[in-house]
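Visitor: Just a sequence and a predicted model for now, questions to come.
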Amino acid sequence: MASPDNNGNFEFDSSKKLDMYGGILGGLIPLVVLVGFLVWLSVAERGGTQAFWAAGWLAIVAGLMLARNKFDYCQSVLRGLGDKNGIVIITAWLFAGVFGKLMVAGGLIDGMLWFGTKVGATGSVFTLVAFLAACVFALGTGTSTGTVLALVPVMYPSGVFLGADPAMLGVAILAGAAFGDNLAPISDTTIVSAYTQEATMKDVVRSRFPLAMAAAIIAGIVLLIFGGGGTMANLPEISAKIDPLGLVMLISLGIVVVLALKGRHIIESLIWGNISAAFFGIMIGKVKFATLFHIPAKRGESTGLIEQGISGVTGAIIFALLVLAVTQVLIESGVMNRILKLAEKTIAKTVRQAELSIIGVTILASIPIAANAPAELLVGPSFVKPLGKKFNLAPARRANLMDCAVCTIFFILPWHIAVIVWYGAMSAAAQAFNLPLPSIWSAVMNPYNWALLAVLLFSVMTGWNRKFEVPVADSTEMKS
């Protein structure tokens, strides 16, 4: 399973498999333990990223008991903890946590309240605005996690104060983040889906646009209908907090978006956002340099906003690391390969069945894996591409089926990175302002992802948006 390199370090041999007692069932046990405890805590209304630590810890321990080679199992766990995508997300988290604290300290919430009361963007209207803002941010940056990290600390407390339903407001931001992850040309899922199917980015984005926009319109209508009904703060209370100066902080948010749009790394973008937010906060008199960092009077007290921002995301970071470790065990124990082989046994006989198989297998692969791009890497070359080629489906069509499928169920399950990040940010915002915090399972109400699944199935059943590599008349297999 692991062999030493020239430097004496151990590297993963992908030709071998992590051997578990009970075979595939043994490989599934860590996931079963993780999900089981997540459900238990959530049903007991005791869920939260820090409370979920124990679930991840128990899942890893349970897996060790079932591993035939304990050393190989430990190496697998460490590879999961060191996953390069996870490292990027966690590093971005650290700077996004500070960014959120700086934005709040600079009075952006007060500025958003002023804006909401002046233009009447309250209740469900604000929920729709939050969704649109998240769509634009995610489309420009290509990162669902970056979107929720940047917008939740600002949009969630503002919207709750202005009468938006807390649960629907939260899922509105998550839905917008999913939209960008699904459509943005710089999104990792878009890149992976295009290149594993040998499709051009231009064809992929252009042909995916009708699918994503149809789902976004449906989601927007749902949010406008059900996004209100929250308790709006009393006018005297709101008036006491209103201060249009806080809107100056939006410049920092704009800096993050513009830099990301220009192709700068999300971490660099967030660092410049941090610096500008501190500058503007000091400039308008909302932040003092000493509140950023100072020597505390006693050991154990906070050193300022920087420490508070980092400490606010540590709970979600630790849980994310535990989930990544469990995910790696699932992959290396052969669980995912077994799912693929099972699907191949029921190979489709028509175009419609082939497309449904691509959707179904991609969704199945994405359920246990914490990140959706690796799920695409798993099924794209080995299943989607050969099956799609058999029925002459255009490369862009294959890529769209896979990418849209991986962006559906993935954004509603609480052990996935995007949902973990989203809920961690929402938990921090709720705690900071003493606001209601919906259950992590409120992600199930995400309207964009359900609408995207419905649109995708409609496309398959009717043939809308379907393209072939060769004209239908030239193929004897093109039966639907």
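Guide: Good, I have the coordinates. Residues are numbered from 1 along each chain as shown.
Visitor: helices or strands up against whatever helix or strand residue 118 lives in?
Guide: Per DSSP states H and E: residue 118 is located in helix 108-119. On a contact count with 3 or more C-beta pairs under 8 Å, 6 or more residues apart in numbering; DSSP states H and E, helix 108-119 meets helix 144-161, helix 235-241. Heads up, the C-betas are built off the backbone N, CA and C, glycines and all.
Visitor: Tell me the helix or strand right after that helix.
Guide: As assigned by DSSP H and E, the chain's next helix or strand after helix 108-119 is helix 123-141.
Visitor: and the angle for that next one with helix 144-161?
Guide: Angle, helix 123-141 to helix 144-161, by axes from the mean of the first three to the mean of the last three C-alpha atoms, to 10 degrees: 160 degrees.
Visitor: For helix 123-141, name the packing helices and strands.
Guide: Helices and strands touching helix 123-141, by 3+ C-beta pairs under 8 Å, 6+ apart, are helix 144-161, helix 166-183, helix 201-226, helix 250-261.
Visitor: Which of those helices sits closest to residue 330?
Guide: Of all these, it is helix 144-161 that lies closest to residue 330, at 20.7 Å by C-beta to C-beta.
Visitor: now that closest one against helix 108-119, angle please.
Guide: Using the same axes, to 10 degrees: helix 144-161 against helix 108-119 is 60 degrees.
Visitor: Please identify the helix or strand for the residue nearest the centre of the chain.
Guide: Nearest to the geometric centre of the chain sits residue 418, at 2.1 Å (C-alpha atoms, centre = their mean). For residue 418, the host element (DSSP H and E) is helix 417-433.
Visitor: And the average pLDDT for that helix is what?
Guide: In this model, helix 417-433 has a mean pLDDT of 87.
Visitor: Please list the outside residues in contact with the very next helix or strand once past it.
Guide: Using DSSP H and E, the next helix or strand after helix 417-433 towards the C-terminus is helix 447-462. Residues external to helix 447-462 that are found in contact with it (C-beta atoms under 8 Å, 6 or more residues apart in numbering): 171, 175-176, 178-179, 182, 211-212, 214-216, 218-219, 222-223, 352, 355-356, 359, 401, 404-405, 407-412, 464-466.
Visitor: correct me, but residue 326 touches residue 56?
Guide: Yes - with contact defined as C-beta atoms under 8 Å, residue 326 reaches residue 56; the gap is 6.6 Å.
Visitor: what residues are shared contacts of the two?
Guide: Joint contacts of residue 326 and residue 56 (C-beta under 8 Å, 6+ apart) are residue 34.
Visitor: Any figure for the gap between residue 375 and residue 434?
Guide: 38 Å (C-beta to C-beta, to the nearest Å).
Visitor: Next: residue 449.
Guide: Counting by C-beta to C-beta, the gap between residue 449 and residue 434 amounts to 30 Å.
Visitor: okay, these two: which has more neighbours?
Guide: Neighbours per residue (other C-beta atoms under 10 Å) separate residue 449 from residue 434, with residue 449 holding more: 26 against 7.
Visitor: what's the pLDDT at that one?
Guide: Residue 449 is assigned a pLDDT of 94 by the prediction.
Visitor: please renumber so the chain begins at 3
Guide: Yes, from this point I'll number from 3; that puts the last item at residue 451.
Visitor: Need the pLDDT of residue 55.
Guide: The score at residue 55 is 87. That number is its pLDDT.
Visitor: Could you pull up the residues touching it?
Guide: Going by C-beta under 8 Å, 6+ apart, residue 55 touches 317, 320, 321, 324.
Visitor: neighbours around residue 469, how many?
Guide: Other residues within reach of residue 469, judged by other C-beta under 10 Å, total 14.
Visitor: For it, which non-adjacent residue is closest in space?
Guide: Spatial nearest neighbour of residue 469, chain neighbours left out: residue 396 (3.9 Å); criterion: C-beta to C-beta, 6 or more residues apart in numbering.
Visitor: Would you check that that neighbour makes contact with residue 402?
Guide: No - Residue 396 is beyond contact range of residue 402, at 9.2 Å (criterion: C-beta under 8 Å).
Visitor: neighbour-wise, which of those two wins?
Guide: residue 402 (33 against 18).
Visitor: What separation do you get for the residue nearest to the centre of the chain and residue 126?
Guide: With C-beta to C-beta as the criterion, residue 420 and residue 126 are 24 Å apart.
Visitor: number of nearby residues for the closest residue to residue 190 other than its chain neighbours?
Guide: Among residues not flanking residue 190 along the chain, residue 375 sits closest, at 4.2 Å (C-beta to C-beta, 6+ apart). Residues lying near residue 375 (other C-beta under 10 Å) number 21.
Visitor: Repeat that for residue 301.
Guide: Residue 301 sits with 5 neighbouring residues when counted by other C-beta under 10 Å.
Visitor: Next: residue 353.
Guide: Neighbours of residue 353 (other C-beta under 10 Å): 23.
Visitor: you'd agree it is up against residue 469?
Guide: No - contact between residue 353 and residue 469 fails when scored by C-beta under 8 Å: they sit 11.3 Å apart.
Visitor: any common contacting residues for the two?
Guide: Counting by C-beta under 8 Å, 6+ apart, the residues touching both residue 353 and residue 469 are residue 395.
Visitor: need the helices and strands packed on helix 125-143 in JSON lines with mean neighbour count, mean pLDDT and distance to residue 278, can you?
Guide: Formatted as JSON lines, those follow (neighbours: other C-beta atoms under 10 Å; pLDDT from 0 to 100; distance: least, C-beta to C-beta, whole Å):
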{"stretch": "helix 146-163", "mean neighbour count": "28", "mean pLDDT": "84", "distance to residue 278": "13"}
{"stretch": "helix 168-185", "mean neighbour count": "29", "mean pLDDT": "93", "distance to residue 278": "22"}
{"stretch": "helix 203-228", "mean neighbour count": "19", "mean pLDDT": "92", "distance to residue 278": "30"}
{"stretch": "helix 252-263", "mean neighbour count": "19", "mean pLDDT": "79", "distance to residue 278": "4"}
